[in-house]
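Chemist: my questions are about this predicted structure, shown below with the sequence.
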Amino acid sequence: MYVSARSDYALRAMLAVASGGGDGEHGELAKAASLAEAQDIPLSFLQGILLDLRRAGLLHSHRGADGGYALTRPPDEITVGDVLRAVGGSLTTVRGLPAERAGYHGVAAGLTDVWLAVHGAIATVVDSTSLADLLTHAPTTS
């Protein structure tokens, strides 16, 4: 598994929205510029990431001066895997293809099973770790 800057930034942005109470119910919306500054993410790059997260149904956006982004579900219902798939597609790739599409023959035929096992192990970890789990392990700041 390769964790791209895009995936890292997406997770950091989602955690920032989740930690700020960006649930949309209490009027606490996270602005893209604030997220970019707080997480040291280039704003133009972050805007594309936020669009992908919105398209994947993980964030919703509100327009206007009081607008911003909010989670579509509580942080305990959004997993690291949800975020990674929203911005990066397959969790594991082999030569740029999803692990399940890697095909081998002859003496290398067993590699397919290895890559699928690696993919399964990664999926188990990222699909069982929610944003809420990560927030409970984050140091508190004043």
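Modeler: Sure thing, it's come through.
Chemist: show me the contact partners of the longest helix along the chain.
Modeler: Ranked by residue count under DSSP state H, the longest helix found in the chain is helix 111-127. Outside helix 111-127, the residues within contact range by C-beta atoms under 8 Å, 6 or more residues apart in numbering are 1, 79-81, 84, 91-92, 94, 99-100, 102-104. Where C-beta positions appear, they are placed from N, C-alpha and C, glycine not excepted.
Chemist: how about it: buried residues?
Modeler: For helix 111-127, the neighbour count (16 or more other C-beta atoms under 10 Å) marks 112, 115, 119, 122, 123, 126 as buried.
Chemist: show the average pLDDT along it.
Modeler: Taken as a whole, helix 111-127 has a mean pLDDT of 93.
Chemist: likewise stretch 82-97?
Modeler: In the prediction, stretch 82-97 has an average pLDDT of 89.
Chemist: kindly check the end-to-end length of it for me.
Modeler: Taking C-alpha to C-alpha, to the nearest Å, stretch 82-97 runs 19 Å from one end to the other.
Chemist: now stretch 102-111
Modeler: 9 Å.
Chemist: residue 82 sits in which helix or strand?
Modeler: helix 80-88 (DSSP states H and E).
Chemist: ok, and what's touching that helix?
Modeler: By C-beta under 8 Å, 6+ apart, helix 80-88 touches 4, 6-7, 10-11, 14, 49, 52-53, 55-56, 58, 91, 123, 125-127, 129-131, 134.
Chemist: in the chain, which residue sits furthest out from the middle?
Modeler: Of all residues in the chain, residue 106 sits farthest from the chain's C-alpha centroid, using C-alpha atoms, centre = their mean; the distance is 37.3 Å.
Chemist: heading C-terminal from the helix holding residue 82, find the next helix or strand.
Modeler: With DSSP H and E, the next secondary element past helix 80-88 is strand 93-94.
Chemist: contacts for that next one next, please.
Modeler: For strand 93-94, contacts defined as C-beta under 8 Å, 6+ apart pick out 2, 99, 101, 102, 115.
Chemist: and the furthest pair within these?
Modeler: Pairwise distances across those (C-beta to C-beta) peak at 16.6 Å, for the pair 2 and 101.
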